[in-house]
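Provided below are the primary sequence and the corresponding predicted coordinates.
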Amino acid sequence: MARKKKGDVVNGWVCLDKPYEMGSTEAVTKVRRLFNAQKAGHAGTLDPLASGILPIALGEATKTVPFMMEAQKVYRFTIHWGISTDSIDREGEIIGRSDVRPSVDQVKAVLPEFIGDIEQVPPQFSAIRVNGERAYDLARDGAEFELEARKVTIHEAAVTDAPDADHVEITMRTGKGVYVRSLARDLAARLGAEGHVSALRREAVGPFSVENAVTLDFLLDLAHKGDALEGLLPVSTALDDIPELAVTDQDAFSLRQGRPIVLLPRQVETLKSQLPAGSRTVSAYLGQTLVALCSLRAGRLEPDRVFNLS
C-alpha cells in the first residue's frame, strides 16, 4: 500500500514578494507550511540579500516550473561606487577602494556595451559547481579557481536613479543565467572604478511581477481568516505564452491516459502560427481546466505532462 502524502492537495502559484535576508529555500518552506501543501518548489533562486519576486509552485504547479526557467526577468539594483568586495555585494570582504565616481552620463555611455548577447563570467561567490563543489564554498575557503565565461542575454538596461555621487540605480530585463553582480563588476572595471551591489530587487519573472505579488504577512493574514487559497494564482499562470487548444471530453480522457490525439488540419495550422520559433509545446484545456502540456508532432498532440486538476 502506497504511503499517504503528508499535507493537503493544493495546486497553484504564489507570487511571493520575498523580503531581504530570507533564503529561497526558507521562503518555500514557509509558504508550503502556511498552505499545508503536499509539494512545493520555486522558479529561480533569489539570494538572501535580494528582495522581490520569487514564484513558488504548489502541487500540480510544480510540473510547470521548467517553463519558468526560460522566462525573462527584471532587476532593479544599486551600485555603490568606491568600494569593491570579493562577493561583489555589501556582505563581502573589501578588496579595493577608489576615489573614482563615474557620472550618470559616463554610465549611460558604456551601458549599451552590455546589452544584447554577451559573454559574462559568473561571480566566484555563486552556486556554480566546480569539480563537484559549489564555487562559493571554494571562494570562502580561499581556493584559487576560474569560472568560464558564458553567453547570456541582456535585453535592455537603463539608469533609473542616481541619488548621489556614490550610488547609481540600474534597471534591466534579462534572459536566464545573468548575474547582476557580474554586470556591476564589469561595469565598474569598464569605467576604471571600484563598485559593488548594495541593493537588489527582482521585479518580474515572466508573468509574475510586483503587480500580482503578495507578502508573507498578507498570506499569514489570509490563513488566519481561513482564506489562504485566495493568495493562489492558477497553475496555468506560468504558461501564459504557450498556445492553447480546447479539447473534448473524449480527447481530455485520452490525454490523461497518456495517449495522443489527432488534430484537424485547421487546428494544426492555427497552432503552428501561434508557436514561438523552435517550440512544439501546446497546452490542452477542457473548458477552463488545464488537462495537459503536449508536443505538436505530425498532426497529433502527444501528452508530455498531465495535470490532475478539477
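Ah, there it is. Numbers count the residues shown, from 1 in each chain.

all strands for the stretch 51-200 of the chain, in order.
For the stretch 51-200 of the chain, the strands defined by DSSP state E, counting those that start in this stretch occupy 51-58, 73-81, 83-85, 94-97, 116-120, 129-130, 133-134, 150-164, 167-174, 195-205.

what does the second one contact?
Surrounding strand 73-81, the residues in contact under the criterion C-beta atoms under 8 Å, 6 or more residues apart in numbering are 44, 90, 98, 100-102, 160-161, 165-176, 178, 180, 184, 187-188, 193-206, 209. Every C-beta, even on glycine, is put in place using the N, C-alpha and C of the backbone.

what's near enough to touch residue 218?
Counted by C-beta under 8 Å, 6+ apart, residue 218 has contacts residue 231.

Check the gap between it and residue 270 for me.
As judged by C-beta to C-beta, to the nearest Å, residue 218 and residue 270 stand 40 Å apart.

Work out the gap between stretch 95-114 and the centre of the chain.
Distance of stretch 95-114 from the chain centroid (C-alpha atoms, centre = their mean, to the nearest Å) equals 28 Å.

Can you get me a residue count around residue 127?
Neighbour count for residue 127, taken as other C-beta atoms under 10 Å: 12.

Please tell me I have it right and it contacts residue 45.
Yes. Using C-beta atoms under 8 Å, residue 127 makes contact with residue 45 at a distance of 7.2 Å.

Now the worst-scoring helix or strand of the chain on mean pLDDT: buried residues?
Scoring the helices and strands of the chain by mean pLDDT, DSSP states H and E places helix 135-140 at the bottom, with a mean of 76. Applying a neighbour-count criterion of 16 or more other C-beta atoms under 10 Å, one finds 135, 138-139 buried in helix 135-140.

swap in stretch 283-295?
283-284, 286, 290-294.

Looking at these, which are in strands?
Members of those lying in strands (criterion: DSSP state E): 283-284, 286, 290-294.

Nearest to residue 49 among those?
Of all these, residue 293 has the smallest distance to residue 49: 34.6 Å, by C-beta to C-beta.

Leaving out the residues flanking it, which one is nearest to the closest one?
Among residues not flanking residue 293 along the chain, residue 305 sits closest, at 4.4 Å (C-beta to C-beta, 6 or more residues apart in numbering).

residue contacts, the residue nearest in space to the middle of the chain?
Geometric centre of the chain, nearest residue: residue 44, 3.8 Å, by C-alpha atoms, centre = their mean. For residue 44, the contacting residues are 54-55, 68-69, 71, 73, 205, by C-beta under 8 Å, 6+ apart.

how far is stretch 67-75 from where the chain is centred?
Stretch 67-75 sits 5 Å away from the centroid of its parent chain (C-alpha atoms, centre = their mean).

ok, residue 93 touching residue 84?
No. Applying C-beta under 8 Å as the test, residue 93 and residue 84 come out as separate, 9.9 Å apart.

When those two are compared, which one has more neighbours?
Shown here are residue 93 and residue 84; by other C-beta under 10 Å, residue 84 has more neighbours (22 against 8).

residues contacting the more buried one?
By C-beta under 8 Å, 6+ apart, residue 84 lies in contact with 94-98, 185, 188, 194-196.

any idea how far it lies from residue 112?
Separation of residue 84 from residue 112 (C-beta to C-beta) stands at 23 Å.

again with residue 128
27 Å.

For these two, indicate the residue with more neighbours.
For residue 128 and residue 112, the more surrounded residue by other C-beta under 10 Å is residue 128, and the numbers stand at 16 against 11.

shouldn't the more buried one be in contact with residue 120?
No. Between residue 128 and residue 120 there is no contact under C-beta under 8 Å: 12.0 Å.

count of neighbours near the nearest residue to residue 78 once chain neighbours are set aside?
Once flanking residues are discounted, residue 78 sits nearest to residue 199: 4.1 Å by C-beta to C-beta, 6+ apart. Using other C-beta under 10 Å, residue 199 has 17 neighbouring residues.

Quick one: residues contacting residue 199.
Shown in contact with residue 199 (C-beta under 8 Å, 6+ apart): 77-78, 169.

Could you report the distance from the residue nearest to residue 193 when sequence neighbours are not counted to residue 181?
Leaving aside its sequence neighbours, residue 193 sits nearest to residue 100 (C-beta to C-beta, 6+ apart; 4.2 Å). Relative to residue 181, residue 100 is positioned 19 Å away (C-beta to C-beta).

In terms of neighbours, single out the busier of the two.
Between residue 100 and residue 181, counting by other C-beta under 10 Å, residue 181 is the more crowded of the two (23 against 14).

per-residue confidence averaged over stretch 233-248?
Taken as a whole, stretch 233-248 has a mean pLDDT of 94.
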